[in-house]
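[1] Fold the stuff below for me.
(chains A and B)
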Protein chains: 2
Amino acid sequence: MELWYTEKQTKSFGITAKIKQTLVTEQTAYQQLEMLETEEFGNMLTLDGMVMTTEKDEFVYHEMVAHVPLFTHPCPKRILVVGGGDGGVIREVVKHPEVEKVTLVEIDGRVIEHSKKHLPTIAAAFTHPKVEVIVGDGFMHIAESRDAYDVIMVDSTEPVGPAVKLFEKGFYEGLSRALKEDGLFIAQTDNPWFKADLIRQVFSDVNEIFPITRLYTANVPTYPSGLWTFTMGSKAYDPLEVTAERFHEIETKYYTERLHKAAFVLPKFVEALTKK
Amino acid sequence: MELWYTEKQTKSFGITAKIKQTLVTEQTAYQQLEMLETEEFGNMLTLDGMVMTTEKDEFVYHEMVAHVPLFTHPCPKRILVVGGGDGGVIREVVKHPEVEKVTLVEIDGRVIEHSKKHLPTIAAAFTHPKVEVIVGDGFMHIAESRDAYDVIMVDSTEPVGPAVKLFEKGFYEGLSRALKEDGLFIAQTDNPWFKADLIRQVFSDVNEIFPITRLYTANVPTYPSGLWTFTMGSKAYDPLEVTAERFHEIETKYYTERLHKAAFVLPKFVEALTKK
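    A predicted model of the protein is given here:
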């Protein structure tokens, strides 16, 4: 018997992946968590039936979440990751020597535990000396933080379940207060093919709070449409004006210095989502 | 009963789309042709079980096949399209006023007939006065052509069935002979996630024949991995050196002047396929 995992990415479209075995299936306090061993993408983490990450393509998302904001900020010392319980973003963050401390606030400790066991190459930085892990509510952590971070990365699920409030305007106002006076944040903001309205709304909301608002994309094969977007809100630094001296060599598979800027050059129909 | 179309894009990964109805299912002289009405992507053409185009996302592929080479060449008058029986590429080609004649050579006349009926917004240019349609073997047409074209676009299926020989080095040598002394071609060359070896081989072959060889990408949600590549071989003109004056306004949904160059900035693991 062949086993296939199928994710309906919309009501009428999805992906399907042959699986060797189900490693974990668990209803946590927050969501349905599954860890699947797939043939094509290695081990795959799903939450509430949505692919969060896979061993084969995880590097795209994690590199693009981490390196674009970290090279945009001239000296990112204090970093906050909201979500990101698989550990992929903090693995990339600690590649930057300027970083003094990175705090990860993941609401669901089971994501961290299962990732450590079944996604060891992704969850590789939890024991790094610069990493602090808090199992708690990122939304509350943001609400209680003032002038605390240089860079915040919102590595959430899609806006269902516990992540809904991470896509509301009040959250972006909280991010602004939690950031230092020259801080910046990025958030994953889904895909332009099936979630255009979400991108337009988030961009508009962020643009009312942050003087510099930018949208960039990356190709993640296991995410809906294969084209993922990231929205950046920045108080002072423009990702398009980073100078060559700022970049330094880091080990990557997707991100490059040239791609840093090219990722902000949007297809026309995506660019339209950033206009009023 | 719900009907879903599933394409195995690899042995162990694929896409699945809910369909309202099957409009056509026919074994032509060359391939299995199906036209499906899907809920998410409108009408969809498949050949030998592979998605060729859909009404919702077709503009990406067709614009990027046509406009990147046509704006690279300073005065493209004579154009050849190999394959492209749905008509999407020629629809984009005739937007360029410099074009005097575009010849489409499609091996399977049934693709043209069914596209005219079921994909009318894609097959919109077959009656355009600059368009010549030949139902015949594009490989033979290339072999018999000398110094004939400014730009050739190879809009083939993936390298199975009738398209296998369109991915061999001898074909690229034929393209070189069929092109004028300052001509250039582009070919669709599949995706870097599942077909890295193909891209590497084609790039290497083309690079031995053409002084300027370039790879660019675009996001097509219904194609494997969502990231599609195009290989350009050019005798004289570099797509990265097109000046601002060359561009003129055309109606597009994906292509922009800025994206023309950004599309050549590759993710690191894709860039590696272009190095020896």
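[2] how about the helices of the stretch 151-276 of chain A, start to end?
    Applying DSSP state H, counting those that start in this stretch to the stretch 151-276 of chain A gives helices spanning A:169-178, A:196-209, A:257-262, A:268-271.
[3] Residues touching the shortest one, excluding its own?
    Read it as helix A:268-271. A:192, A:199, A:215, A:217, A:227, A:229, B:252-256, B:259 (CB atoms under 8 Å, 6 or more residues apart in numbering or on different chains). (Each C-beta comes from the backbone N, C-alpha and C, glycine too.)
[4] Low-confidence regions, chain A specifically.
    Along chain A, no part satisfies pLDDT under 70.
[5] report the longest strand in it, please.
    As assigned by DSSP state E, the longest strand anywhere in chain A is strand A:13-27.
[6] What residues of that strand count as buried?
    Buried residues in strand A:13-27, counted by 16 or more other CB atoms under 10 Å in any protein chain shown: A:13-19, A:23-24.
[7] Same question for stretch A:263-276.
    Residues of stretch A:263-276 classed as buried: A:263-268, A:270-271, A:273-274 (neighbour count, 16+ other CB under 10 Å).
[8] just curious, which of those is nearest to B:T222?
    Using CB to CB, A:P267 comes nearest to B:T222 of the buried residues of stretch A:263-276, at 15.4 Å.
[9] How many residues are close by the residue nearest to A:A263 when sequence neighbours are not counted?
    Sequence neighbours aside, A:Y216 is the residue nearest to A:A263 in space, at 4.1 Å (criterion: CB to CB, 6 or more residues apart in numbering or on different chains). When neighbours are defined as other CB atoms under 10 Å in any protein chain shown, A:Y216 has 23 of them.
[10] show me what contacts A:K101?
    Taking CB under 8 Å, 6+ apart, we find A:K101 in contact with A:77-79, A:130-132.
[11] any idea how far A:K235 is from B:S176?
    A:K235 sits 54 Å away from B:S176, taking CB to CB, to the nearest Å as the criterion.
[12] nope, A:A244 is what I was after
    A:A244 sits at a distance of 37 Å from B:S176 (criterion: CB to CB).
[13] just the buried residues of stretch A:263-276 now: which is nearest B:T53?
    Taking CB to CB as the measure, B:T53 lies nearest A:P267 of the buried residues of stretch A:263-276, at 17.1 Å.
[14] For chain A, just list every one of the strands.
    A:3-10, A:13-27, A:32-38, A:42-47, A:50-54, A:78-83, A:101-106, A:131-135, A:149-155, A:179-188, A:212-219, A:227-234.
[15] For the closest residue in space to A:A66 that isn't next to it in sequence, which residues are in contact?
    Setting aside the residues directly before and after it, A:A66 is nearest to A:E92 in space (CB to CB, 6+ apart), at 3.5 Å. A:E92 makes contact with A:62-63, A:65-67, according to CB under 8 Å, 6+ apart.
[16] Which of these ranks first by neighbour count?
    Within these, neighbour counts (other CB under 10 Å) peak at A:A66, which reaches 31 neighbours.
[17] Let me see the contact set for that residue.
    A:A66 neighbours (CB under 8 Å, 6+ apart): A:89, A:92-93, A:95-96, A:153.
[18] cutoff 7 Å now
    Applying CB atoms under 7 Å, 6 or more residues apart in numbering or on different chains, we find A:A66 in contact with A:89, A:92-93, A:153.
[19] Which one of those residues is nearest to A:T121?
    Using CB to CB, A:E92 comes nearest to A:T121 of these, at 12.4 Å.
[20] Tell me how far the closest one lies from B:A66.
    In this view, A:E92 and B:A66 are 37 Å apart by CB to CB.
[21] go on, A:M232?
    32 Å.
[22] Also A:V160?
    According to CB to CB, A:V160 and B:A66 sit 39 Å apart.
[23] same thing with A:D86?
    According to CB to CB, A:D86 stands 41 Å off from B:A66.
[24] what do you get for A:Y30?
    Using CB to CB, we find A:Y30 at a distance of 48 Å from B:A66.
[25] A:H248 now?
    With distances taken as CB to CB, A:H248 is found 39 Å from B:A66.
[26] do A:S12 as well
    Counting by CB to CB, the gap from A:S12 to B:A66 is 29 Å.
[27] quick one: the residue in the stretch 101-250 of chain A positioned nearest to chain B from B:I15, how far?
    Chain B sits closest to A:G226 of the stretch 101-250 of chain A, with a gap of 1.6 Å, by CB to the nearest CB. A:G226 is 10 Å from B:I15, where distance means CB to CB.
[28] cool, and A:H118?
    Separation of A:H118 from B:I15 (CB to CB) stands at 25 Å.
[29] same deal with A:T38?
    As for A:T38, its distance to B:I15 is 15 Å (criterion: CB to CB).
[30] Which residues outside stretch A:231-250 are in contact with it?
    Defining contact as CB under 7 Å, 6+ apart, one finds that stretch A:231-250 is touched by A:67-69, A:71-74, A:95, A:172, A:175, A:179, A:181-187, A:189, A:202-203, A:206, A:209-215, A:257, A:260-261, A:264.
[31] what residues does the stretch 151-276 of chain A put near chain B?
    Within reach of chain B by CB under 7 Å from any CB of the partner chain, the stretch 151-276 of chain A has these residues: A:193, A:219, A:221, A:225-227, A:252-256, A:258-259, A:262, A:265, A:267-269.
[32] Give me the buried entries from the residues you listed.
    Applying 16+ other CB under 10 Å to these, the neighbour count classes A:193, A:219, A:221, A:225-227, A:252-256, A:259, A:262, A:265, A:267-268 as buried.
[33] restrict the buried residues of strand A:13-27 to contacts with chain B.
    Contacts with chain B within those, as defined by CB under 7 Å from any CB: A:13-18.
[34] Relative to B:I112, which of these is nearest.
    Looking at those and their distance to B:I112, the nearest is A:F13, at 27.1 Å (CB to CB).
[35] Could you list the domains of chain A?
    For chain A, automatic domain parsing gives the domain ranges A:3-54, A:58-274.
[36] out of the ones you listed, which comes closest to B:L45?
    domain A:3-54 (16.3 Å).
[37] Tell me how far that closest one lies from the chain's centre.
    Chain-centre distance of domain A:3-54: 18 Å, with CA atoms, centre = their mean, to the nearest Å.
[38] can you give me the end-to-end distance of that domain?
    Using CA to CA, to the nearest Å, the end-to-end distance of domain A:3-54 comes to 17 Å.
[39] just stretch A:6-15 next, same as before
    6 Å.
[40] Can you give the contact residues for it?
    Residues from elsewhere that reach stretch A:6-15 (CB under 7 Å, 6+ apart): A:16, A:49-51, A:194, A:222, A:224, B:15-18, B:38-40.
[41] In a markdown table, list those along with distance to B:E113.
    Output for the contacts of stretch A:6-15, formatted as a markdown table (distance: CB to CB, whole Å):
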| residue | distance to B:E113 |
| --- | --- |
| A:T16 | 32 |
| A:G49 | 41 |
| A:M50 | 41 |
| A:V51 | 39 |
| A:F194 | 32 |
| A:T222 | 37 |
| A:P224 | 33 |
| B:I15 | 26 |
| B:T16 | 28 |
| B:A17 | 23 |
| B:K18 | 26 |
| B:T38 | 21 |
| B:E39 | 25 |
| B:E40 | 25 |
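[42] Of those, which is the nearest to B:S145?
    Closest approach to B:S145 among those (CB to CB): B:I15, at 36.7 Å.
[43] is it true that A:H118 touches A:N43?
    Yes: at 5.2 Å, A:H118 counts as touching A:N43 under the criterion of CB atoms under 7 Å.
[44] Please say which of these two ends up with more neighbours.
    Applying other CB under 10 Å to A:H118 and A:N43 shows that A:N43 carries more neighbours, namely 24 against 20.
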